[in-house]
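A.B. asks: sequence first, then the predicted structure, then my questions.
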Amino acid sequence: MGEIDGAVVTRAYETFVVNAKRASYFLDIHEEANSGPGAPTTPYRELPRGAVVFIVGALDAYLAELSAEVIVRDLDRAIADADVRDLLRRIQADVPTLALEVTLLSSQAERIERLRDIIVDHFHNRVSMHGAKAVGTAAARLGRRGDDVWSALASRGWSRPAEALDRWTDIRHQIVHQGKKPTVRRPQARECITLIKETVGLIDGFAGGQQ
């Protein structure tokens with residue numbers, strides 16, 4: 001856990017904040033390029049799409065890293081439910097030397113960090129952490145529900161936030177995996193960034209309450 005502006009946050013959130021700023025920089029550059037006469041040149045036209053790719057990727061990374069952080073925290077407290085035990089069995093099957101590696105490390109902090117890295121890698125490479133379903137899974141790890149996130153966002157004026165997130169996730173898929181060029185204008189990309197920032201802020205608020 002860390003702290004930003006007096007609020008307790010996860011390490012995953014600290015990384016996400018950095019990446020959300022980077023996504024916004026794409027749009028700042030696009031705005032500057034579009035401030036003069038005429039349309040921006042082709043490379044600049046890609047920036048709103050690039051911002052969407054970056055922020056959706058940052059959400060995916062956050063959800064994976066948060067899940068690992070919560071699991072490692074619970075293990076350090078000797079708390080492990082059936083799902084976590086099943087996860088550890090799968091990880092042990094993938095990395096049969098893990099138990100020996102952890103045992104040979106000299107400090108508890110190093111052991112926790114190694115375990116965290118392995119679990120993060122598992123979520124990045126073995127578990128789909130995309131869209132509204134992944135948000136619901138992360139919320140469940142914190143003893144909440146996806147609906148807690150969506151209802152909170154709706155109360156802030158977001159219309160169908162879960163569907164909106166899935167739509168942006170699909171747009172990212174079209175860009176990254178299909179090489180398509182879906183129309184993404186700068187205001188739309190900024191809205192995508194804002195939606196994801198607020199989504200992550202709510203989830204991390206749940207995690208902070210469990211410190």
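C.D. replies: In hand now; what should we look at?
A.B. asks: hey, let's count contacts and neighbours off CA atoms from now on
C.D. replies: OK.
A.B. asks: neighbours around Glu198, how many?
C.D. replies: 15 (other Cα atoms under 10 Å).
A.B. asks: so what's the gap between the helix or strand hosting Leu100 and the chain middle?
C.D. replies: Leu100 is part of helix 98-104, with elements assigned from DSSP states H and E. Helix 98-104 sits 28 Å away from the centroid of its parent chain (Cα atoms, centre = their mean, to the nearest Å).
A.B. asks: buried residues in the top helix by length along the chain, which are they?
C.D. replies: Criterion DSSP state H: the longest helix present in the chain is helix 47-76. Residues 47-73, 75 are the ones in helix 47-76 that count as buried (16 or more other Cα atoms under 10 Å).
A.B. asks: sorry, back to before: which residues touch the helix holding Leu100?
C.D. replies: Residues from elsewhere that reach helix 98-104, judged by Cα atoms under 8 Å, 6 or more residues apart in numbering: 92, 111, 114-115.
A.B. asks: right, and the helix or strand after that helix?
C.D. replies: In N-to-C order, the element after helix 98-104 by DSSP H and E is helix 108-126.
A.B. asks: now that next one against helix 47-76, angle please.
C.D. replies: Using axes from the mean of the first three to the mean of the last three Cα atoms, to 10 degrees, the inter-axis angle of helix 108-126 relative to helix 47-76 is 130 degrees.
A.B. asks: contacts for helix 108-126 next, please.
C.D. replies: Residues from elsewhere that reach helix 108-126 (Cα under 8 Å, 6+ apart): 61, 64-65, 67-69, 72, 76, 91, 102-103, 105, 129.
A.B. asks: correct me if wrong: Arg186 contacts Ala51.
C.D. replies: No. Here Arg186 lies out of contact with Ala51, judged by Cα atoms under 8 Å, at a distance of 9.0 Å.
A.B. asks: intersection of neighbour lists for these two?
C.D. replies: Contacts common to Arg186 and Ala51, judged by Cα under 8 Å, 6+ apart, are Leu27.
A.B. asks: only C-alpha atoms, please: export stretch 16-32 in CSV.
C.D. replies: Extracted in CSV, the C-alpha atoms of stretch 16-32 (Å, rounded to 0.1, in the frame of the first residue of the first chain):
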residue,chain,number,x,y,z
PHE,A,16,-1.9,3.2,-13.1
VAL,A,17,-1.8,6.9,-12.3
VAL,A,18,1.5,7.2,-14.1
ASN,A,19,0.1,5.4,-17.2
ALA,A,20,-3.1,7.4,-17.2
LYS,A,21,-1.1,10.6,-17.4
ARG,A,22,0.8,9.1,-20.3
ALA,A,23,-2.4,8.3,-22.2
SER,A,24,-3.5,11.9,-21.7
TYR,A,25,-0.2,13.2,-23.1
PHE,A,26,-1.2,11.5,-26.4
LEU,A,27,-4.2,13.7,-26.6
ASP,A,28,-2.4,16.9,-25.4
ILE,A,29,0.0,16.4,-28.4
HIS,A,30,-2.9,15.8,-30.7
GLU,A,31,-4.6,19.0,-29.5
GLU,A,32,-1.4,21.1,-30.1
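A.B. asks: need the residues that contact it.
C.D. replies: 40, 44-45, 47-48, 50-52, 54-55, 58-59, 61-62, 186, 189-190, 193, 197.
A.B. asks: I'd like the distance from that stretch to the chain centre, please.
C.D. replies: 16 Å.
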